[in-house]
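# build me a model from this:
(2 chains)
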Number of protein chains: 2
Amino acid sequence: MTLLAVGSIAFDDLETPAGRHEHLLGGSATYFSLSASNFCPIQLVAVVGEDFSSEEESILQGRSINLDGVIHKPGKCFHWKGSYGTDLNEAQTIQTNLNVFADFVPVLPEHYKNSQYLFLGNIDPRLQLEVVKQMSARPKWIALDTMNYWIEGSLTALKKVLLEIDILLINETEAKSLTGEKNIVRAAKTITSMGPKTVVVKRGEYGALLVTPNICIPFPAIPMETVIDPTGAGDTFAGGFLGFLASQGNLEEASLRKAMIIGTVMASFTIENFGTEKIANATNQDINERMKQFSHLLGINGI
Amino acid sequence: MTLLAVGSIAFDDLETPAGRHEHLLGGSATYFSLSASNFCPIQLVAVVGEDFSSEEESILQGRSINLDGVIHKPGKCFHWKGSYGTDLNEAQTIQTNLNVFADFVPVLPEHYKNSQYLFLGNIDPRLQLEVVKQMSARPKWIALDTMNYWIEGSLTALKKVLLEIDILLINETEAKSLTGEKNIVRAAKTITSMGPKTVVVKRGEYGALLVTPNICIPFPAIPMETVIDPTGAGDTFAGGFLGFLASQGNLEEASLRKAMIIGTVMASFTIENFGTEKIANATNQDINERMKQFSHLLGINGI
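Numbers count the residues shown, from 1 in each chain, chains lettered A, B, ... in the order given. The predicted structure is shown next:
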């Protein structure tokens, strides 16, 4: 069983009220893989530049992440510079340099094309569709992440790829923007008739909603006294959620519920320190302990 | 066992995306009592004007709400005119006429002074303290609601009354404003050292946090496809939460947890229609059914 993940590997310069760090390994695919690989072997498709050194590679190595699909190109890695104010809920982008990511066209290695599960990270929906076409067989499920940039600028292409997928991860304002619905429950329900039958609405520090045509279940986030850097929390959530689902091999309600809790727990590690520091070093024991604490906190049995 | 509640009875003119209604019975004490009286007998202290007719009185009558403490004064009832935009999270006040509420000084009837439980609704903290002093014995617990207006304008008096109470209900921005803490968990924890050992942080459609010196438990709200009018949701929550706690006679964690669920369920009725329409007509069966559905949704057993 493998989960193929397509997305970005980047270097981030970050400023939060807790401090300032430069040249941190980041990118959606990085956070996703570090999180998901705790539950399921990952096949990673991304592009990096010449500044991606063995030091960064070592963060991804030594765990169940296959890097054959990570292409090395002349030039520099995707670079993002952002800052957070005191509420930490929304990042201000100061600078984006796409660099080698600018003309990234995902090409799947032959041995990736039979992956049973596929996660299309937040890239151009046309490229997301191309990846689907490269698979030799339809995966058991396909999950997708997107953002306002594509909803506003590439809606037709996005709607086309939505028809091909099973699970959409999307944040609250994006879900409203995609559907024109002001009520988040109606927005998510509407999306379940646009292709994906499972929708996860991410609400930052307020948690997430799990929505299918039949259910709408709210999950709170773990209340954290210390949030150092929220960068990558959504991608880390997606990694825990989808990595666990892939390990279960089904999308039954019980699996989806547990996957939501696991995604929440994984995200809580990421925000505790800058960049990938915490999620890259969380042990199985750390994860299991926090799972137990959080389930106990929620009063949920049998997790 | 009785729960003494002090607060406002008002007439509201409301505009939401669902429509417009004038002269609706409202006010914090109204919503609170209609909700709490499902769980515990209420003794109500408030003031009304000559426009408070038998029609409005009948909404409060015929249930476990003692109205001996409701004083009738010449003049008009407190009047609030507000509107909500499409996000429904925050009301815009268009007009406030305090009317008879302007010089409201709560005077407890003799047979109220031994009430075991006391809820001080959102009024001047100096008056809240006066009410505490009028009690012949210290209630088993005292709960209090407040708002930014008092935090900004009467902080010294508010801090003084906080020292006398056990439970504070406060919304998220108010908790941050009261403590100067940007992180909501730290803000709530700080409040537990300012007097109240139990703090409920209200987060609107995102639910609420239950915080004591030892715990911080997040509770999501019920995802609602249709929200007609959010007015009174917080007071309705407080009514369900405190009414149930009074019926249990203790502040143990299990009681507090169930009270949070009950508060959430009660609030979900209020927002389904304008004014008190839904909460005034919710039957025991309606309440029990929604409790069951919500507990099932959350995956919580034994509620």
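
# is A:Val201 in a helix, a strand, or coil?
Under DSSP: H, G, I helix; E, B strand; the rest coil, A:Val201 falls in the strand class.

# give me the number of residues near it?
Using other C-beta atoms under 10 Å in any protein chain shown as the criterion, A:Val201 is surrounded by 25 other residues. Placement of C-beta: from N, CA and C, glycine included.

# which residues does it bridge with?
Listed by DSSP bridges, the beta-bridge partners for A:Val201 are A:Ile170, A:Leu209.

# A:Lys81 and A:Thr30: what is the separation?
Counting by C-beta to C-beta, to the nearest Å, the separation of A:Lys81 from A:Thr30 is 16 Å.

# between the two, which one's more packed in?
Between A:Lys81 and A:Thr30, A:Thr30 has the larger neighbour count (other C-beta under 10 Å), namely 30 against 16.

# dihedrals phi and psi, that one?
Backbone torsions for A:Thr30, taken as degrees, to the nearest 10, come to phi -70, psi -60.

# kindly report the residues of chain A close to chain B.
Within chain A, the residues that sit near chain B (C-beta under 8 Å from any C-beta of the partner chain) are A:17, A:86-87, A:182-186, A:189, A:203, A:205-207, A:209, A:215-227, A:257, A:297-301.

# which of the residues you listed are buried?
Using 16 or more other C-beta atoms under 10 Å in any protein chain shown as the burial test, the residues of chain A next to chain B include A:183-186, A:189, A:203, A:205-207, A:209, A:216-224, A:227, A:257, A:298-300 as buried.

# mind telling me what element the nearest residue to A:Asp286 once chain neighbours are set aside is part of?
Nearest residue to A:Asp286 in three dimensions, chain neighbours excluded: A:Phe269, at 7.3 Å (C-beta to C-beta, 6 or more residues apart in numbering or on different chains). A:Phe269 belongs to helix A:253-270 when elements are defined using DSSP states H and E.

# and if you look at A:Phe274?
In this assignment (DSSP H and E), A:Phe274 forms part of neither any helix nor any strand.

# who are the contact partners of it?
A:Phe274 sits next to A:Leu14, A:Thr16, A:Ala18, A:Gly19, A:His21, A:Leu24, A:Ile228, A:Asp229 when contact means C-beta atoms under 8 Å, 6 or more residues apart in numbering or on different chains.

# switch the cut-off to 7 Å
Residues near A:Phe274 by C-beta atoms under 7 Å, 6 or more residues apart in numbering or on different chains: A:Leu14, A:His21, A:Leu24, A:Ile228, A:Asp229.

# most neighbours among those, which one is it?
Of these, with other C-beta under 10 Å as the count, A:Asp229 tops at 28 neighbours.

# that residue and A:Lys202: what is the separation?
Separation of A:Asp229 from A:Lys202 (C-beta to C-beta) stands at 17 Å.

# swap in A:Glu272?
Using C-beta to C-beta, we find A:Glu272 at a distance of 18 Å from A:Lys202.

# the more surrounded of those two?
When A:Glu272 is set against A:Lys202 and neighbours are counted by other C-beta under 10 Å, the residue ahead is A:Lys202, at 22 against 15.

# and the pLDDT at that one?
Looking at A:Lys202, its pLDDT is 97.

# run through who's touching whichever strand or helix holds A:Trp150.
Secondary-structure assignment from DSSP H and E places A:Trp150 in helix A:148-153. Surrounding helix A:148-153, the residues in contact under the criterion C-beta under 7 Å, 6+ apart are A:Asp124, A:Pro125, A:Leu158, A:Glu174, A:Ser177, A:Leu178.

# change it to 8 Å
For helix A:148-153, the surrounding residues in contact (C-beta under 8 Å, 6+ apart) are A:Asn122, A:Asp124, A:Pro125, A:Ala157, A:Leu158, A:Thr173, A:Glu174, A:Ser177, A:Leu178.
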